[in-house]
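Trainee: the following block contains a protein sequence and its predicted model.
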2 protein chains.
Amino acid sequence: MLDIAMAPRNSVSATETKKFLRAAHGETLDTPPVWLMRQAGRYLPEYLAVRANNDFIKVCRTPDLACEVTMQPIRRFGFDAAILFSDILIPAIPFGAGLHFDAGHGPVIDRPVRDRRDVEDLREFDPRTELSDVLDAIKMIRHELADDKALIGFAGAPFTLATYLIEGGKPDPFKRTKRMMYSDPQSFTILLDKIADMTIEYMKAMIESGADSIQLFDTWGGILTDSEYRAVNLPVLQRIFTELQSLNVPLTYFVLNGMHLESVAEAGASVYGLDWRMTIAQARHRFGHDVALQGNLDPVLLLTDEHTIRTRTRAILDESGNRGFIFNLGHGILPDTPIQSVEILMDEIRGGKK
Amino acid sequence: MLDIAMAPRNSVSATETKKFLRAAHGETLDTPPVWLMRQAGRYLPEYLAVRANNDFIKVCRTPDLACEVTMQPIRRFGFDAAILFSDILIPAIPFGAGLHFDAGHGPVIDRPVRDRRDVEDLREFDPRTELSDVLDAIKMIRHELADDKALIGFAGAPFTLATYLIEGGKPDPFKRTKRMMYSDPQSFTILLDKIADMTIEYMKAMIESGADSIQLFDTWGGILTDSEYRAVNLPVLQRIFTELQSLNVPLTYFVLNGMHLESVAEAGASVYGLDWRMTIAQARHRFGHDVALQGNLDPVLLLTDEHTIRTRTRAILDESGNRGFIFNLGHGILPDTPIQSVEILMDEIRGGKK
């Protein structure tokens, strides 16, 4: 008789062939599944060829282009998961804030969100219609992708998305964000809630369209102190992960540079992505054994030499014990990463095994 | 009879009037001493007036200009410590690597250090002759400064200085640094040792010239993992602090974004500077009660409102208990900080008391 009380809250079928899903549900595998943050990107000549004639936002919003670049690293390296080619800032467009990318300066929000009126002016929209191109890309990718590969959909965490919307671009050192957070906390809360509402619907729509898993990227959560994080960030994360739990897919939370955030383990994710500063042992201590971990080779090490790549990769594998573990980098792969470094990495992880 | 065994290793005279030194030696004061990182700088109109006709390096290397801008914030706000106006990269000039500042792009090292030959080509120099202008500035400042104000000399921590020398400017994401660290560890070690040797002599010369205390700024130490930090950074820090201990002045170590560096407490400093991410309680737990702490209001909060500045400042004061505690920001003051914010901060710290 099956003891329901003992079953993990999100169970995986005994016949599941996707290694990513098995590991995300806590299984111990011979070799861990592997994918790399920003695996579809500028280090790939085939990606640069697509981008030569298409700007970044166009690739994100044209389903067959997004599908093509999403598939490129899977074809080349056989990663265990594909991640939708998109950007956490794409929802700024249907929000009505406007978005473009300045060469060399990164993203620019055309109409930054500075006060209560700006917050209220953000349009509520249905991602199923207004981001249908993204969802169409997911359908195409899931169709092209082999059955044993997982497809990851993603969004920015509300705090991170809010910092971009408020600052109007790359947020450093987060002056306007903290000013609103402290001096107009009500507007800040409304903004985060508005983004969270959108995110929940967007992620649900991604899963309905064929995504096997969801990751929230909290690139800037680590600029907060733990008490700030607990006050403003944690409640919206908890709300999102609670709402998505019934969908029965792995929910990953990645916060960059967040080792000081003691509350992070309360976010309610089922997989925690680690940056390179944290050891797997430290992460296990913090997050416990009921969640999976994902990470965390320093992407800069892919610019060193074969010996270093193999040694540091092996150390992570040994420490993880391959239980409930997904191999990844500790941050996005760098544009000047040699292809050969990724080949060495994959060889070290798989060691001749699939 | 004085029990020598019970005396702190660096003792302070019973008649010492400098609050900074009393706090640095662990005393409990009514109100803590206060100074702010980058307190002499662009938020001050009188500083901008000096800079209007003098470039940054010229101000650093002209004793009466360096003295003038060092004194400006003391005159205006009555801080308890002056910090020499200089830059951690100034030693790159006598090293022979060259240095200039590009408007908007920060520091540029003219001849970056990329391989063993470059490391060996760095000139060994005597700071007493080749940085005599800096030492002359210290003498002038100490002469102008009231007896109850401390003068802080400083240098970059060797790892941080090495990253600038290797990368050739603002080091992000530290590609060349980590490549040398992993692929040519011998050259990297020689480089750090060479910088440490210089730093020891430079800091000794600063103290001989009238500095009451020394701070090492490790701006980039926090990009390392704890095991990398322990392997490459900690040994040179320990060597520097051990060598300087006999000078009987407070030795402060500030590492930005280093909460994950569990080994940091072994650096051997007598004062630890904290960035804003860490609470005073966490810092006490990590560093123990035999050292003083310095920090750590988020500088961005000086761009918010009076209520926020007072509330967050009060929280730090309450948590510190004013024992072995020096008030500071958690990072350098921002150029667009209103003067009035600093006045509010000082009023909250001193509460009418001196």
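Mentor: Here it is on my side, so go on.
Trainee: now the residue nearest to residue A:212 when sequence neighbours are not counted: phi and psi?
Mentor: Closest residue to residue A:212 apart from its sequence neighbours, by Cβ to Cβ, 6 or more residues apart in numbering or on different chains: residue A:150 at 4.3 Å. Where C-beta positions appear, they are placed from N, C-alpha and C, glycine not excepted. Backbone geometry at residue A:150, expressed as degrees, to the nearest 10, gives phi -90, psi 150.
Trainee: do you know how far residue A:150 is from residue A:333?
Mentor: In this view, residue A:150 and residue A:333 are 18 Å apart by Cβ to Cβ, to the nearest Å.
Trainee: so for those two, which residue has more residues nearby?
Mentor: residue A:150 (27 against 24; other Cβ atoms under 10 Å in any protein chain shown).
Trainee: partner residues bridging that one?
Mentor: Here residue A:150 sits in beta bridges with residue A:81, going by DSSP bridges.
Trainee: contacting residues around it?
Mentor: Listed by Cβ atoms under 8 Å, 6 or more residues apart in numbering or on different chains, the contact set of residue A:150 reads A:18, A:20-21, A:33, A:80-82, A:212-213.
Trainee: wait, doesn't residue A:180 sit right on residue A:190?
Mentor: No. Counting by Cβ atoms under 8 Å, residue A:180 stays clear of residue A:190, with 10.5 Å between them.
Trainee: between those two, which one's more packed in?
Mentor: residue A:180 (24 against 15).
Trainee: surely that one is in a strand?
Mentor: No. Under DSSP: H, G, I helix; E, B strand; the rest coil, residue A:180 falls outside any strand and is assigned helix.
Trainee: so what's the spatially closest residue to it that is not a sequence neighbour up against?
Mentor: The shortest distance from residue A:180 to any non-neighbouring residue, by Cβ to Cβ, 6+ apart, is to residue A:188 (4.9 Å). Residues counted as contacts of residue A:188 (Cβ under 8 Å, 6+ apart) are A:162, A:180-181, A:232.
Trainee: how far out from the middle of the chain is the host helix or strand of residue A:188?
Mentor: Under the criterion of DSSP states H and E, residue A:188 resides in helix A:185-209. Centroid separation between helix A:185-209 and its chain, computed with Cα atoms, centre = their mean, to the nearest Å, is 15 Å.
Trainee: next secondary structure after that helix?
Mentor: strand A:213-218.
Trainee: just the buried positions in the helix or strand following that next one, please.
Mentor: Downstream of strand A:213-218, the next assigned helix or strand under DSSP H and E is helix A:226-228. For helix A:226-228, burial by neighbour count (16 or more other Cβ atoms under 10 Å in any protein chain shown) applies to A:226, A:228.
Trainee: from the rest of the structure, what touches helix A:226-228?
Mentor: Here helix A:226-228 has contacts from A:181, A:260-263, B:277, B:279, using Cβ under 8 Å, 6+ apart.
Trainee: cutoff 7 Å now
Mentor: A:260-263 (Cβ atoms under 7 Å, 6 or more residues apart in numbering or on different chains).
Trainee: which of those lies closest to chain B?
Mentor: Taking Cβ to the nearest Cβ as the measure, chain B lies nearest residue A:260 of those, at 4.0 Å.
Trainee: gap between that closest one and residue B:258?
Mentor: 10 Å.
Trainee: okay, these two: which has more neighbours?
Mentor: Remark: of residue A:260 and residue B:258, residue B:258 carries more neighbours, 28 against 21, as counted by other Cβ under 10 Å.
Trainee: count of residues packed around residue A:326?
Mentor: Applying other Cβ under 10 Å, we find 28 other residues in the vicinity of residue A:326.
Trainee: now it, what's its secondary structure?
Mentor: Strictly by three-state DSSP, residue A:326 counts as strand.
Trainee: now do residue A:57
Mentor: helix.
Trainee: report the contact partners of it.
Mentor: By Cβ under 7 Å, 6+ apart, the neighbours of residue A:57 are A:99, A:101.
Trainee: do you know how far it is from residue A:85?
Mentor: Relative to residue A:85, and taking Cβ to Cβ, residue A:57 is found at 12 Å.
Trainee: and residue A:351, by the same measure?
Mentor: With Cβ to Cβ as the criterion, residue A:351 and residue A:85 are 29 Å apart.
Trainee: give the buried residues for the helix holding residue A:188.
Mentor: A:187-189, A:191-192, A:194-207, A:209.
Trainee: what's the answer for stretch A:22-39, then?
Mentor: A:22-27, A:29, A:31-39.
Trainee: ok, and what's touching that stretch?
Mentor: With Cβ under 7 Å, 6+ apart, stretch A:22-39 has contacts from A:8, A:10-12, A:16, A:19-20, A:73, A:79-81, A:83, A:213, A:250, A:270-271, A:292, A:320, A:322-329, A:331-333, A:346, A:349-351, A:353.
Trainee: up against chain B, what does chain A have?
Mentor: A:173-175, A:178-179, A:182-183, A:225, A:257, A:259-260, A:276-278, A:300-301, A:303-305, A:308, A:334 (Cβ under 7 Å from any Cβ of the partner chain).
Trainee: which of those residues fall in strands?
Mentor: Among the residues of chain A next to chain B, no member falls in strands (DSSP state E).
Trainee: filter the residues you listed to the buried ones?
Mentor: A:174-175, A:178-179, A:182, A:225, A:257, A:259-260, A:276-278, A:300-301, A:303-304, A:308, A:334.
Trainee: would you say residue A:239 is within a strand?
Mentor: No. Secondary structure of residue A:239 (three-state DSSP): helix, not part of a strand.
Trainee: so how far is chain B from it?
Mentor: 25 Å (Cβ to the nearest Cβ, to the nearest Å).
Trainee: list the contacts of that residue.
Mentor: residue A:196.
Trainee: report pLDDT for it.
Mentor: pLDDT for residue A:239: 98.
Trainee: in space, what's closest to residue A:133 - neighbours in sequence excluded?
Mentor: Per Cβ to Cβ, 6+ apart, closest to residue A:133 is residue A:61, 4.8 Å.
Trainee: enumerate every residue touching residue A:175.
Mentor: B:300, B:303.
Trainee: look at it and report its pLDDT.
Mentor: 92.
Trainee: over to residue A:1?
Mentor: 38.
Trainee: for residue A:128, same thing?
Mentor: For residue A:128, pLDDT reads 98.
Trainee: surely it is in contact with residue A:204?
Mentor: No. Counting by Cβ atoms under 7 Å, residue A:128 stays clear of residue A:204, with 9.0 Å between them.
Trainee: and the angle from the host helix or strand of residue A:243 to strand A:213-218?
Mentor: Residue A:243 is part of helix A:234-245 when elements are defined by DSSP H and E. Angle, helix A:234-245 to strand A:213-218, by axes from the mean of the first three to the mean of the last three Cα atoms, to 10 degrees: 170 degrees.
Trainee: is it correct that residue A:201 is in contact with residue A:127?
Mentor: Yes. Counting by Cβ under 7 Å, residue A:127 is a contact partner of residue A:201 at 5.4 Å.
Trainee: now do the nearest residue to residue A:191 once chain neighbours are set aside against residue A:113, distance only.
Mentor: Once flanking residues are discounted, residue A:191 sits nearest to residue A:119: 4.7 Å by Cβ to Cβ, 6+ apart. With distances taken as Cβ to Cβ, residue A:119 is found 6 Å from residue A:113.
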